[in-house]
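S.K.: Let's see this in three dimensions:
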Amino acid sequence: MELSILLCIAVVVFVLCLFGLFWLSSSIQPPLLELKQAHVIITGGSSGIGKAVAAEVLKQGASVTLLARNEARLQQAQQELQQYITDKTNQRILCIPVDVCREYSAVEAAIKKAIDVLGPCDILVNSAGMSRALSFEDTPVEDFKKVMDANYIGSVYPSRAVLPYMKKRRGGRIVYVASQAAQLGVYGYTAYASSKFALRGLAETLQMEVKPYGIYITISFPPDVETPMLAEDKINMPKETVLISESSGLHQPDEIAQIIVKDAKRGRFHSFVGFDGFFLAIVSCGMSPVTSLLEVFLQVFLMSILKLTSFFFVANFNGIVMKCFKERESQKQK
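M.R.: Next up, the predicted model:
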């Protein structure tokens with residue numbers, strides 16, 4: 001008798017769990033967004049990751065608006081991207097020169113023009129930005145504001161301008177290209193990492209606000225990518241930063257672009273690259289949005305062991321910093 005009661009209870013609990021999982025799955029799983037005849041607006045689209053994202057969405061049938069400051073680079077990018085158009089009748093590349101962090105009214109006008117010419121925006125990719133790789137005291141004070149303006153305000157303005165259109169249509173995607181430096185502090189990136197951490201806060205908060213409208217946010221955490229920005233950074237990059245960053249390897253823009261586009265179409269919140277990216281996404285997830293049951297299970301069951309592993313990584317990074325510190329101190333004594 002007692003066994004039968006326990007079995008009944010177990011069955012009821014099992015059924016309730018199944019219903020709970022189905023409900024959770026339906027509530028967090030975004031619909032797939034197709035790119036054929038879609039319109040993708042990309043800031044910082046004249047080079048680097050932004051340009052690579054443009055190539056990827058063009059291959060999949062979308063039209064593209066490129067926003068960047070330098071008109072000459074925009075025109076050059078437009079010519080180079082023509083080869084990726086698959087439907088010459090329906091696909092177009094529009095270039096609008098604008099500084100996305102200078103004046104909001106100019107950004108708002110650029111977004112309006114893009115939508116008037118190419119139609120509603122399906123995806124906004126915020127890829128414009130800048131970096132500084134110097135120690136805190138070596139970074140010019142004015143550069144902290146420059147980096148914050150470029151990386152954070154330069155993402156706020158386009159998002160703010162495009163949001164009313166997406167809300168009206170009850171759908172869309174907004175992508176923020178951050179960095180692994182938005183998941184952990186890295187020596188030499190006090191200005192850069194701070195701006196990317198701010199971007200992550202924006203993405204998490206905005207997702208809660210826009211989800212009722214069917215709008216999904218994706219934030220990308222790429223490691224080092226072979227771009228003009230990284231090449232410029234490396235000229236004066238501290239040795240500590242070089243050694244720590246090398247642990248995640250060097251990646252190509254088209255590789256990152258493919259992952260960003262795939263995750264944006266699926267509406268995934270976290271977009272990462274390789275095992276290092278997966279590791280950081282789990283360890284630093286906090287209470288950020290989840291968009292699949294697999295994410296739920298991985299975060300719940302792997303958090304403890306990966307958090308334990310993270311202590312060894314941090315200890316290694318601190319060891320690199322201490323070694324470089326001792327080398328500099330010994331050179332001063334000579």
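
S.K.: wait, V100 sits on V107?
M.R.: Yes. If you go by Cβ atoms under 8 Å, V100 and V107 touch, sitting 5.4 Å apart. Placement of C-beta: from N, CA and C, glycine included.

S.K.: any residues in contact with both of those two?
M.R.: Counting by Cβ atoms under 8 Å, 6 or more residues apart in numbering, the common neighbours of V100 and V107 are Y157, P158.

S.K.: residues contacting the nearest residue to T309 once chain neighbours are set aside?
M.R.: Counting by Cβ to Cβ, 6 or more residues apart in numbering, T309 lies nearest to F279, which is 7.5 Å off, once chain neighbours are set aside. Contact analysis of F279 by Cβ under 8 Å, 6+ apart lists L306, T309, S310.

S.K.: following the one helix or strand F279 maps to, which helix or strand comes up?
M.R.: Using DSSP states H and E, F279 sits in helix 274-283. Downstream of helix 274-283, the next assigned helix or strand under DSSP H and E is helix 293-333.

S.K.: Just the buried residues of the contacts of F279.
M.R.: Using 16 or more other Cβ atoms under 10 Å as the burial test, the contacts of F279 include L306, S310 as buried.

S.K.: List the beta-bridge partners for the residue positioned nearest the centre of the chain.
M.R.: Nearest to the geometric centre of the chain sits S220, at 2.2 Å (Cα atoms, centre = their mean). Applying DSSP bridges to S220 gives these bridge partners: V177, S271.

S.K.: Specify the beta-bridge partners of the nearest residue to L94 once chain neighbours are set aside.
M.R.: Of all residues not flanking L94 in the chain, T65 sits nearest, at 4.5 Å (Cβ to Cβ, 6+ apart). Beta-bridge partners for T65, by DSSP bridges, are I41, L94.

S.K.: Does T65 touch I42 like I think?
M.R.: Yes. Under the criterion of Cβ under 8 Å, T65 makes contact with I42 at 7.0 Å.

S.K.: And those two? Which one has more around it.
M.R.: I42 (28 against 25; other Cβ atoms under 10 Å).

S.K.: just checking, the more buried one touches V64?
M.R.: Yes. Assessed by Cβ under 8 Å, I42 is found in contact with V64 at 6.4 Å.

S.K.: Identify all contacting residues around stretch 252-265.
M.R.: Around stretch 252-265, the neighbours that count as contacts under Cβ under 8 Å, 6+ apart are 32-35, 48-49, 51-53, 55-57, 60, 123, 125, 173, 175, 177, 218, 220, 222, 225-227, 270-273.

S.K.: Sort out for me which of the residues you listed are in helices.
M.R.: Assignment to helices by DSSP state H places the following of the contacts of stretch 252-265 there: G48, I49, K51, A52, V53, A55, E56, V57.

S.K.: among the residues you listed, which two are most distant?
M.R.: The most widely separated members of the ones in helices among the contacts of stretch 252-265, counting by Cβ to Cβ, are G48 and V57 (15.3 Å).

S.K.: And the pLDDT at L294?
M.R.: L294 is assigned 88 on the pLDDT scale.

S.K.: from the ones in helices among the contacts of stretch 252-265, which is closest to A72?
M.R.: Distances from A72 to those, taken by Cβ to Cβ, are shortest for K51, at 14.1 Å.

S.K.: For the closest one, give its distance to A257.
M.R.: Going from K51 to A257 by Cβ to Cβ, to the nearest Å gives 8 Å.

S.K.: For the chain, name the helix or strand with the lowest mean pLDDT.
M.R.: The weakest-scoring helix or strand in the chain, judged by mean pLDDT, DSSP states H and E, is helix 2-28 (a mean of 54).
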